[in-house]
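In: Model the structure of this input:
(one chain, ligands or ions: 1)
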Amino acid sequence: MNVIEVDNIYRAFGKIRAVNGLSFRVGAGQVVGFIGANGAGKTTTMRMMVTLDVPDAGTIEICNMNVIDHPRDIRRLIGWMPDHFGAYPNMDVWEYLDFYGRAFGLHGRERQRRLDEVMAFTDMDVLAERPCNALSKGQTQRLCLSRALLSDPQVLVLDEPAAGLDPKARIEFKNLVKLLADRGKTLFISSHILSELGEMCDHLLFIDNGRQVHQGTSDSLRFHKEDGHLRVRLRARGESSRLEQWIAARPEIKLRPGDNRSHELLVPHRPDDQPEAQLAGLLRELLAAGVEVYEFNRVERRLEDAFVEILGGVPS
Ligand SMILES: Nc1ncnc2c1ncn2[C@@H]1O[C@H](COP(=O)(O)OP(=O)(O)OP(=O)(O)O)[C@@H](O)[C@H]1O
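Out: Numbering: from 1, shown residues only. From the prediction side, this is the model:
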């Protein structure tokens with residue numbers, strides 16, 4: 001079932017065409033990375049999805065409800081985390097979340113229970129009494145996520161959630177995203193930093209100048225299929241003669257030297273086979289032939305390279 005259906009939407013600000021005929025679908029439980037350079041139209045699209053703005057043309061449906069006809073229902077289903085945090089100088093973390101809990105219509109014990117649950121999940125419980133303006137960037141992001149989670153939404157739309165986080169905070173954030181995905185939430189996450197999203201998302205949607213330029217699974221972008229080949233990097237103990245003998249009997253497989261005493265195999269991909277099954281069979285054969293393999297990896301393409309390739313040049 002599709003949770004998000006965006007059909008041919010347009011949004012212009014004067015002469016600027018921020019979103020220019022964009023269409024995509026997001027299935028229930030998917031974690032989708034929304035990628036584009038600065039100004040590509042990500043925030044504008046997301047604001048329309050969460051009912052904060054309306055398209056000039058085209059339709060957006062969330063859980064089969066049109067954003068223009070059912071904004072209130074949709075707001076209950078969606079948790080929105082904007083890319084900026086307004087200043088709340090006189091509130092501590094607990095007061096801030098309590099305020100939003102009230103705004104979401106949570107009452108009495110239910111509100112308290114939900115606040116406790118959310119703050120424990122995001123590790124904000126230890127910071128409950130900290131003033132909002134005395135939080136680090138990572139803590140502020142976790143506070144924003146806490147707010148988005150208060151209504152226990154099915155769909156989470158997160159605008160640049162990892163921007164400006166240090167590596168530790170980024171790992172913490174990634175773990176939270178994974179936990180939410182494990183709970184069956186649908187996540188739609190924007191970034192202009194690909195590697196950030198590649199680790200969190202199973203699907204990637206690329207936009208440029210308000211238009212979709214590519215949509216696919218992260219794996220399909222990440223793994224090379226050079227002219228229908230699978231690429232494997234392997235390292236084996238001892239003499240390489242066993243490996244060479246094994247290769248000699250398989251003219252379809254190409255062997256080339258890799259870095260750091262490794263080898264790279266270029267194996268024709270059999271379209272009827274799952275790549276995983278084919279690679280597992282290959283490893284079994286190598287071991288049976290007495291090649292002492294101690295490292296065997298499918299070679300990944302850097303997502304940045306895939307992005308540049310898709311755009312046909314360097315992203316602006
Ligand atoms: N309210 C507005 N008024 C005028 N122009 C706007 C407005 N909002 C967005 N734009 C313009 O629309 C284009 C798309 O902006 P948008 O914020 O959607 O991009 P983005 O992909 O989210 O970029 P970033 O990664 O920098 O946040 C930009 O050229 C921006 O300047």
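In: Give the full set of residues in contact with residue 192.
Out: Each residue near residue 192 by CB atoms under 8 Å, 6 or more residues apart in numbering is listed here: 35-38, 40, 42, 160. C-beta here means a position set from N, CA and C on the backbone, and glycine is covered the same way.
In: and the ligand, which of these reach it?
Out: 36, 38, 40, 42 (CB under 6 Å from any ligand atom).
In: how much space between the nearest residue to the last one once chain neighbours are set aside and the ligand?
Out: Nearest non-adjacent residue to residue 42, counting by CB to CB, 6 or more residues apart in numbering: residue 190, 4.3 Å away. Plainly put, residue 190 is 7 Å away from the ligand if you go by CB to the nearest ligand atom, to the nearest Å.
In: Can you name the helix or strand that residue 190 falls in?
Out: Secondary-structure assignment from DSSP states H and E places residue 190 in strand 186-191.
In: Could you do residue 46 as well?
Out: Counting by DSSP H and E, residue 46 is found in helix 42-49.
In: With residue 255 instead?
Out: Going by DSSP H and E, residue 255 is part of strand 254-257.
In: what's the answer for residue 267, then?
Out: Residue-wise, residue 267 maps onto strand 263-268 under DSSP H and E.
In: Quick check: what element follows that strand along the chain?
Out: Criterion used, DSSP H and E; the element after strand 263-268 is helix 275-288.
In: Between strand 263-268 and that following helix, find me the angle.
Out: Per axes from the mean of the first three to the mean of the last three CA atoms, to 10 degrees, the angle that helix 275-288 makes with strand 263-268 is 130 degrees.
In: Contacts for helix 275-288 next, please.
Out: 223, 230, 232, 234, 236, 243, 246, 265, 267, 269-270, 293, 296, 298.
In: Now the buried members of those.
Out: Among those, those scoring as buried are 223, 230, 232, 234, 236, 243, 246, 265, 267, 269, 293, 296, 298 (criterion: 16 or more other CB atoms under 10 Å).
In: just to revisit the earlier point, just give me the closest of the contacts of residue 192 to residue 215.
Out: Distance to residue 215, by CB to CB, is smallest for residue 35 among these, at 10.3 Å.
In: centre of the chain versus the longest helix anywhere in the chain, how much separation?
Out: For the chain, the longest helix by residue count, based on DSSP state H, is helix 167-182. Offset of helix 167-182 from its chain centre (CA atoms, centre = their mean, to the nearest Å): 11 Å.
In: Give me the distance between the closest residue to residue 307 other than its chain neighbours and residue 115.
Out: Among residues not flanking residue 307 along the chain, residue 194 sits closest, at 5.6 Å (CB to CB, 6+ apart). Using CB to CB, to the nearest Å, residue 194 is found at 35 Å from residue 115.
In: follow-up on the earlier one: which among the buried ones among the contacts of helix 275-288 are in contact with the ligand?
Out: Applying CB under 6 Å from any ligand atom to these, none is adjacent to the ligand.
In: Among those, which ones are in strands?
Out: With strands taken from DSSP state E, the overlap with these comprises 230, 232, 234, 236, 265, 267, 293, 296, 298.
In: And for the spatially most central residue of the chain, nearest residue in space, chain neighbours not counted?
Out: For the chain, the residue nearest the mean C-alpha position is residue 201 (2.9 Å; CA atoms, centre = their mean). Excluding its sequence neighbours, the residue lying closest to residue 201 (CB to CB, 6+ apart) is residue 33, at 3.5 Å.
In: could you say what helices and strands the strand or helix carrying the one you found packs with?
Out: Element membership for residue 33, per DSSP H and E: strand 31-35. On a contact count with 3 or more CB pairs under 8 Å, 6 or more residues apart in numbering; DSSP states H and E, strand 31-35 meets helix 42-49, strand 186-191, helix 194-200, strand 203-208.
In: Run through the residues of the stretch 151-300 of the chain sitting next to the ligand.
Out: Counting by CB under 6 Å from any ligand atom, the residues of the stretch 151-300 of the chain that sit close to the ligand are residue 192.
In: What residue in the stretch 151-300 of the chain comes nearest to the ligand?
Out: The ligand sits closest to residue 192 of the stretch 151-300 of the chain, with a gap of 4.9 Å, by CB to the nearest ligand atom.
In: Just the CA atoms of the strand holding residue 33, as CSV, please.
Out: Extracted in CSV, the C-alpha atoms of strand 31-35 (Å, rounded to 0.1, in the frame of the first residue of the first chain):
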residue,chain,number,x,y,z
VAL,A,31,12.5,4.6,4.6
VAL,A,32,13.0,7.0,1.7
GLY,A,33,15.9,9.4,1.3
PHE,A,34,15.0,12.6,-0.6
ILE,A,35,18.2,14.0,-2.1
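In: Adjacent strands (with direction) for that strand?
Out: Using DSSP bridges, the strands paired with strand 31-35 in its sheet are strand 186-191 (parallel), strand 203-208 (parallel).
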